[in-house]
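**Q** here's a sequence, model it:
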Amino acid sequence: SSYKEYWECTFDVAIAKADPSYTVPTNITVPLGDSLSAVQLPDGWTWQDGSIIPDTEGEQTYAIIFTPSDTNNYNIAEEQITVLVKQRVSGAVTDISDISRIYDDTAVSAPTYVSLSTGAAVIEYKEKDADDSTYTTTAPKTVGEYTVRVTVAADADYEEASATRDFSITYLPAPENPYTIINAIEGTNGWYRSTVTLKPAEGYYISFSLNFIYSQFLTYEAYTENAVIYLKNTEGQMTDAITVGTIKIDMTAPTGEIAVGGNTWDSLTDNINFGLFYKDTLEITVTADDDSLYIDAEDYAVTIEYYLHSGDAALTEEELAGKEFTVCDGTFTVNTRGKYVIYVRITDDAGNVTYLNTDGIVLYSDATQDTQSIVFARATTDDVTASVNVNGNTIKEIRNDDYILTDEDYSVSYDGEKAIITFTVTYLTTLTSGEYTFVISYNPLGMDYIDAEGNVAPTDTRVVLNVIKQTGEVTDISDISRIYDDTAVS
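**A** The predicted structure follows:
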């Protein structure tokens, strides 16, 4: 026929797990007195009863279980193995290496050692002479004296053993000359008048603090007490604190003020005008202040000095540096007449200098009367002179009542401290008979006096002039004797 016939049926199929492939462990040693579980078997194997504790030396047989990684498709297998049970001998740890090091802010490395046992090792540390309860597995990195303990666990052949060794972490020894000071302006008495830069010795870096930033230079910008530095070499090893001491920095000049007769000055100026006039004695007061916050004012008081400049031109700081100043305690007097600019130099303990100066000052003494009075007789042709003690002053003008004499009325010549005034006959003959008072005014030391607050005006002097008529005189009377002739004589 041309067709096929099919029949439907059902049946059961059982799929069994396969047996795994494995290698039975050999050469297993179990220490006498340890449980079987204390002995580790190769991966996949476990003791059927790990709690068993063999108590007899020699070969013993125990059941072990192999568990495949795929238990869905493979069977768990059981085997019997023969192990050697034997007594352990004492272990030992020796030849622990010295792990002492120079401080570099990193922990010490674990030591090397020799151990009979192949068991796991525990490395612990403590401070030297501290109680054993302080052992820790954290390796130290700070400077100190320490003890390291190496403990190696027991294995099949050797018992647990440990040993210790002392070691230390020490600072890097500082070089003989740890630093030099550069780029600093030296003042006086151990001070600096600028920032101070420290340069470390060759091959080192420098820092303010042990574990801070290290650099090629270290700069101090202010007064610093008990300064210390630290050095680090190119390997990262660091020194202990190196004492620098007190770095005395004062970069600010002192301040001050000159006071004279109600006028004050607190700076150096080149604008000089001789507009201050005082008589006989000049009292000067100088106050000074130093802004340093770090010094004992009694020990480090400023020095005040003065210089009397008699020239008309102002002086520069460079010129003043070459002048000879006189030390004072803040007050001084000048009693020698003259034209002055008073310069003051204030110097602090560090050598910072401030210059001050006054405006131009005229210190003078009044002219005094010498000639008290003079006489002019009318009809004479001679000039009349008078003298005054000018004391370095010059005659400004001469007044006769409201009239100011002109240059044609008189002339003046000077002879040392005296002035000779010559009143011209031309002027004197204009005066009628009588008494006149010439009022003589002065320019202090030849300077035009300025009538300003605080100034002391020069005192006038006076000369009395008496204008008189010439006394008449009859001479050479002729002899009019005659012979009597009954007529009057001629």
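
**Q** end to end, how far does stretch 282-301 reach?
**A** Between the opening and closing residues of stretch 282-301 lies a distance of 26 Å (Cα to Cα, to the nearest Å).

**Q** wait, a helix at I483?
**A** No - the assignment for I483 by DSSP: H, G, I helix; E, B strand; the rest coil gives coil, which leaves it out of any helix.

**Q** name the residues that touch stretch 88-98?
**A** For stretch 88-98, the external contacting residues (Cβ atoms under 8 Å, 6 or more residues apart in numbering) are 31-32, 111-117, 119, 148, 150-152, 154, 156-165, 167. Just so you know, the C-beta spots here come from the backbone N, C-alpha and C atoms, and that holds for glycine as well.

**Q** let's see which of the residues you listed end up in strands.
**A** 31, 114-115, 148, 150-152, 161-165, 167 (DSSP state E).

**Q** of the residues you listed, just the buried ones, PyMOL syntax please.
**A** Per 16 or more other Cβ atoms under 10 Å, the buried members of the ones in strands among the contacts of stretch 88-98 correspond to this PyMOL selection:
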select buried, resi 31+115+148+150+151+152+161+162+163+164+165+167
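
**Q** how many neighbouring residues does S433 have?
**A** 11 (other Cβ atoms under 10 Å).

**Q** ok, it touching I468?
**A** Yes - counting by Cβ atoms under 8 Å, I468 is a contact partner of S433 at 5.8 Å.

**Q** now do the contacts for V489.
**A** Per Cβ under 8 Å, 6+ apart, neighbours of V489: 480-482.

**Q** neighbour-wise, which of these leads?
**A** Busiest of these [other Cβ under 10 Å] is R482, holding 10 neighbours.

**Q** identify the contacts common to S433 and I468.
**A** What both S433 and I468 touch, as defined by Cβ under 8 Å, 6+ apart, is the set R378.

**Q** where in the chain is pLDDT low?
**A** 1-7, 292-300, 471-474 (pLDDT under 70).

**Q** redo that, cut-off 80
**A** Within the chain, the set of residues satisfying pLDDT under 80 comprises 1-14, 291-301, 470-476, 490.

**Q** excluding chain neighbours, what is closest to G330?
**A** V286 (5.1 Å; Cβ to Cβ, 6 or more residues apart in numbering).

**Q** list the beta-bridge partners for that neighbour.
**A** V286 has the following beta-bridge partners by DSSP bridges: I258.

**Q** for it, list the residues it contacts.
**A** 256-259, 304, 306, 328, 330-331, 344, 346, 356.

**Q** of those residues, which is the most crowded?
**A** V344 (26 neighbours).

**Q** these two touch, right, it and T331?
**A** No - V344 is not in contact with T331 according to Cβ under 8 Å; the separation is 11.7 Å.

**Q** the residue nearest to the spatial centre of the chain and T195: what is the separation?
**A** Against the mean C-alpha coordinate of the chain, by Cα atoms, centre = their mean, the closest residue is A222 at 2.6 Å. According to Cβ to Cβ, to the nearest Å, A222 and T195 sit 9 Å apart.

**Q** spell out which residues are contacts of both of these two.
**A** In contact with both A222 and T195: I249, using Cβ under 8 Å, 6+ apart.

**Q** counting neighbours, what do you get for the closest residue to E305 other than its chain neighbours?
**A** In space, and not counting its chain neighbours, E305 is closest to F325: 3.5 Å by Cβ to Cβ, 6+ apart. Neighbour count of F325, defined by other Cβ under 10 Å: 18.

**Q** excluding covalently adjacent residues, which one is nearest to G446?
**A** The nearest residue in space to G446 (Cβ to Cβ, 6+ apart) is T394, at 4.6 Å.

**Q** partner residues bridging that neighbour?
**A** Beta-bridge partners, per DSSP bridges, of T394: N443.

**Q** can you check the one 4 residues further on too?
**A** For I398, the beta-bridge partners under DSSP bridges are I440.

**Q** all helices of the stretch 51-200 of the chain, in order?
**A** Here the stretch 51-200 of the chain has no helices by DSSP state H, counting those that start in this stretch.
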